[in-house]
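Q: Below is the structure, and that's it, no one-letter string:
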């Protein structure tokens, strides 16, 4: 007979073994997301969230980060500073490694300081206001600045023969709209043009857009410009076509979402608007992304989806490369360059990056890309 030997239970052996070798199941790595999911800019926030979700799901299918799955913790900023601040605190308390978002400069003004106190990195896919440029802080931006965009718009509109523009701008996203207006005023003046009228309004369900356009017309402009979200630009364009169908219209890149096409209909035909990506890109990388996005969400990706996907892949690469005792931002800046869906993302020491834009005109329910370097004469009539 064999001598009696005490064997611990299989469960005890398993627990002891896991404790000794440290090879037990690892907790997920948490990443935060914050954007407008219940506001008049939900199109931007929802598309951005979808872009991050797609990147995260692809990452997890390929093993995650260091063998750990990545979990997304989502908060809605509701385009309200108090809601955004509360959401930012909740993300920090949840222990997220970094936060992707927000998608408007107004919300960045509320969120960035809250997360800076907790040393949490913020990666914004779309923020452009000059107040966030050249700052050595906890914010990294995937987008160019309002100055870059305003200068490109000013040059193109002046080439088209416009000399006196009237501008309507939404104070709900004040950090962006006032920064954009200031840069555009300067750039258009340098071209030889002038802003003959400026009408500020605060977007809401009861906003009188007919009155806003009436105020623009009183300045006797030769064109109208809107610094507003997609839903507001659709309503402003409707009033512009009713009151002054002969005037060309244009809008800042804030409006360049799929919602603009859905809401605008024929009244936005001829609208000039810049895109932060090329919708007609036929490269294998972008086509694979577009197909995967459509398969997952049953809709085409917009600019915030593309920028958010780029932001997510940048963050995941930085987290993979992060060394012990190194901050996430330090790891990101050490790498410096990342492949984006359509263009390389290169950060300077402050976490700012250039980005090419593509000008489009709305035609028959589509954003049609303008030929590069196109110099069009002023149009006397618009559909």
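A: Thanks, I have the structure now. Quantities reported herein were computed from a predicted structural model and do not represent experimental measurements.
Q: what's the neighbour count on residue 78?
A: Residue 78 sits with 20 neighbouring residues when counted by other C-beta atoms under 10 Å. The C-beta positions use only the backbone N, C-alpha and C, and glycine is treated the same way.
Q: pLDDT at it, what is it?
A: Note for residue 78: predicted pLDDT of 94.
Q: Next: residue 371.
A: 85.
Q: residues touching the residue nearest the centre of the chain, list them.
A: By C-alpha atoms, centre = their mean, the chain has its centre lying nearest to residue 126, at 2.8 Å. Shown in contact with residue 126 (C-beta atoms under 8 Å, 6 or more residues apart in numbering): 44, 48, 103-104, 142-143, 276, 303-304, 307.
Q: does it sit in a helix, a strand or a coil?
A: With DSSP: H, G, I helix; E, B strand; the rest coil as the basis, residue 126 sits in coil.
Q: quick one: it from residue 355, how far?
A: 10 Å (C-beta to C-beta, to the nearest Å).
Q: shared neighbours of those two, anything?
A: With C-beta under 8 Å, 6+ apart as the test, residue 126 and residue 355 both reach 142-143, 276.
Q: could those go into CSV alongside distance to residue 239, pLDDT and neighbour count?
A: Listed next are the shared contacts of residue 126 and residue 355 as CSV, based on distance: C-beta to C-beta, whole Å; pLDDT from 0 to 100; neighbours: other C-beta atoms under 10 Å:
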residue, distance to residue 239, pLDDT, neighbour count
142, 34, 95, 27
143, 29, 95, 25
276, 27, 91, 25
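Q: and which of those residues is nearest to residue 290?
A: Relative to residue 290, the closest of the shared contacts of residue 126 and residue 355 is residue 276; by C-beta to C-beta it sits at 15.3 Å.
Q: so that closest one touches residue 253, yeah?
A: Yes: judged on C-beta atoms under 8 Å, residue 276 makes contact with residue 253 at a distance of 6.4 Å.
Q: where do the contact lists of those two overlap?
A: With C-beta under 8 Å, 6+ apart, residue 276 and residue 253 have common neighbours 303, 357.
Q: neighbours of residue 324, just the number please.
A: Residue 324, neighbours per other C-beta under 10 Å, totals 4.
Q: quick one: secondary structure of it?
A: Per three-state DSSP, residue 324 ends up coil.
Q: now swap in residue 46 and tell me
A: Classified using three-state DSSP, residue 46 is helix.
Q: That one - nearest residue in space that isn't next to it in sequence?
A: residue 37 (6.2 Å; C-beta to C-beta, 6 or more residues apart in numbering).
Q: again, but for residue 121
A: Leaving aside its sequence neighbours, residue 121 sits nearest to residue 98 (C-beta to C-beta, 6+ apart; 4.1 Å).
Q: So that neighbour is in contact with residue 124, correct?
A: No: counting by C-beta under 8 Å, residue 124 is not a contact partner of residue 98; they are 11.2 Å apart.
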